[in-house]
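Colleague: my questions are about this predicted structure, shown below with the sequence.
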Amino acid sequence: MATRLDSTIEVTGQPAIEEHVVIFRLADEYYALDIQTVQEIVRMQAITSIPGSDFWVEGITNLRGRVVPVVDLRKRCGVDSGEYTAETRIVVVSSSTGMVGLIVDAVSEVMRIPGDQVEQPSAIVSVPENTYLRGIAKLEDRLVSLMDLDGVLPASAEGEFEYASAAAA
């Protein structure tokens with residue numbers, strides 16, 4: 001039996017069977033998160049800012065009685081910020097820091113991507129600012145950057161998310 005090193009390559013050298021992902025858009029680029037981490041997708045709603053938080057932490061929101069920290073994924077990934085539109089969504093994910101909302105420009109689809117269409121990011125794009133990038137999916141019509149949720153929400157933000165939740169309580 002092969003042991004997995006990461007989500008795309010097995011020890012045997014054979015590609016993983018497939019990636020099951022939620023694909024979303026930030027500006028003109030497409031990104032994806034493992035569907036196992038996505039709890040739900042909601043329309044943009046009121047967000048209360050938290051003074052002193054990182055620039056990419058938009059604040060907190062009330063999601064059916066539960067306070068959830070919200071991250072603007074454009075700011076977190078260094079993409080120029082744009083206006084929120086009717087397509088803007090909050091992708092609620094379950095991470096090691098708990099439930100977190102990720103603001104994206106639009107959610108386009110849920111897809112299964114064959115493992116042989118996924119490549120590791122090259123050393124040129126694998127810099128500390130891109131710790132969230134774990135692979136590139138080569139689809140027929142576009143490239144999709146596969147995100148590592150732990151890279152998007154680093155452990156150093158854990159205390160901040162706890163502070164944000166406590167501040168709203």
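Modeller: Now that the structure is in, tell me what you want to look at. What you see is a predicted model, and the numbers here were worked out from it, not measured in a lab.

Colleague: residue 20 and residue 79, how far apart?
Modeller: Distance, residue 20 to residue 79, by CB to CB, to the nearest Å: 25 Å. C-beta coordinates here come from the backbone N, C-alpha and C atoms, glycine included.

Colleague: ditto for residue 88
Modeller: 13 Å.

Colleague: overlap of the contact sets of those two?
Modeller: By CB atoms under 8 Å, 6 or more residues apart in numbering, residue 88 and residue 79 have no common neighbours.

Colleague: follow-up on the earlier one: higher neighbour count, residue 20 and residue 79?
Modeller: Under the criterion of other CB atoms under 10 Å, the comparison of residue 20 against residue 79 puts residue 79 first, with 16 against 13.

Colleague: mind checking the SS state of the more buried one?
Modeller: Here residue 79 is coil, with the state taken from DSSP: H, G, I helix; E, B strand; the rest coil.

Colleague: surely it meets residue 25?
Modeller: No: at 10.2 Å, residue 79 does not count as touching residue 25 under the criterion of CB atoms under 8 Å.

Colleague: so where's the chain uncertain?
Modeller: Applying pLDDT under 70 to the chain flags the ranges 1-16, 122-130, 154-169.

Colleague: and the helices in the chain?
Modeller: Counting by DSSP state H, the chain has helices at residues 73-76, 149-152, 158-168.

Colleague: give me the residues contacting the second one.
Modeller: Translated: helix 149-152. Contacts with helix 149-152, where a contact means CB under 8 Å, 6+ apart, come from 33-34, 37, 71, 73, 76-77, 93, 95-96, 102, 130-134.

Colleague: try the first one
Modeller: When contacts are defined by CB under 8 Å, 6+ apart, helix 73-76 is touched by residues 26-27, 31, 55-56, 58, 79-82, 102-105, 132, 152.

Colleague: how about it: buried residues?
Modeller: Neighbour-count burial for helix 73-76 flags 73-76 (criterion: 16 or more other CB atoms under 10 Å).

Colleague: with respect to residue 114, which of these is nearest?
Modeller: The nearest member of those to residue 114, counting by CB to CB, is residue 73 at 25.6 Å.

Colleague: the spatially closest residue to that closest one that is not a sequence neighbour bridge partners, please.
Modeller: In this structure, residue 73 finds its nearest non-sequential neighbour in residue 102, 4.9 Å apart by CB to CB, 6 or more residues apart in numbering. Beta bridges link residue 102 to residue 71, residue 91 when assigned by DSSP bridges.
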